[in-house]
Structures are given as C-alpha cells and as structure tokens.
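Visitor: Predicted model and sequence follow; I will ask about them next.
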Amino acid sequence: MIGDTNIFVIDNDNMVGEIEIMIAEETARGSKKGWEAVILMLLYGIKFIKIKTFEAKISIENIISINMFQKLNFKEKSRSEIFQEVTLEKVVDNNWTKSLEGHFEFQLQTYE
C-alpha cells in the first residue's frame, strides 16, 4: 500500500462528494499512481455513488496536488487563509466522464 483515496458525500441532497488522495510512500510519488487512483475513484463516484459535483480541499502549499486536480478540470471554488487550503470543484458532465474513461482500456462493472 502506498497511500489511499476517499470520497466523502458532504451533501446528500445535491450529491456533492469530497475527494481525497494521499500518497504516503515517498518513492511512489511522481509515478502517476496517484493520478490513476484519483481517476478510478472519480469514476467510481460518478457511476456507483452518483456524485454530481466533486470538491477537493488541498493545502495551499501542495502545488503538485493542486496542479493534478486542475489538469482534471477542477477549478478554484474558494481559498481559506485561516486553514491554508484551497477548495477546487468540478461539476460532473458526460464529456468529462468520457474523458476520464479514456484514460483506461476497461470499464467499471457491477457484479451480482
């Protein structure tokens, strides 16, 4: 295990999910494993939890993570100087979902 990624549903009425990623193993950083894990988690949130909007709260100093989410088309929603964090947001749409799916040669499926 090199880290983890999570989705917390923070607004059930509007299906807003907060996504997190943490790569604890320093030797795994910069290897695109976090990128792949986040995309898979986003797709899981879209397909199975029915998330409509994602938020990511990131330390202002964590430029690498901010850049990663911006490459995934997240935009700055707010900035807290008190907490030293930025909140990025992405509203889910079909084009974005298809672009996420385009990173992999497989499809997520349910098993019964």
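Guide: Looks like it arrived, so ask away.

Visitor: Okay, buried residues for the strand or helix carrying Ile66 please.
Guide: Assigned by DSSP states H and E, Ile66 belongs to helix 63-71. For helix 63-71, burial by neighbour count (16 or more other Cβ atoms under 10 Å) applies to Ser65, Ile66, Met68, Phe69. C-beta here means a position set from N, CA and C on the backbone, and glycine is covered the same way.

Visitor: For the lengthiest helix in the chain, the averaged confidence score.
Guide: Across the chain, the longest stretch assigned as helix under DSSP state H is helix 33-44. For helix 33-44, mean pLDDT is 88.

Visitor: Let's test this: mean pLDDT of whichever helix or strand comes after that helix, rounded?
Guide: Proceeding N to C from helix 33-44, the next assigned helix or strand is strand 53-59, under DSSP H and E. For strand 53-59, the mean pLDDT works out to 96.

Visitor: May I have the strands that pair with strand 53-59, each with its orientation?
Guide: strand 16-23 (parallel), strand 85-91 (antiparallel) (DSSP bridges).

Visitor: Next, the angle helix 33-44 makes with the last one.
Guide: With axes from the mean of the first three to the mean of the last three Cα atoms, to 10 degrees as the basis, strand 85-91 and helix 33-44 are set at 50 degrees to each other.

Visitor: for the very next helix or strand once past strand 85-91, the distance to its chain's centre please.
Guide: Counting by DSSP H and E, the element after strand 85-91 in chain order, helix or strand, is helix 94-101. Distance of helix 94-101 from its chain centroid, counting by Cα atoms, centre = their mean, to the nearest Å, is 13 Å.
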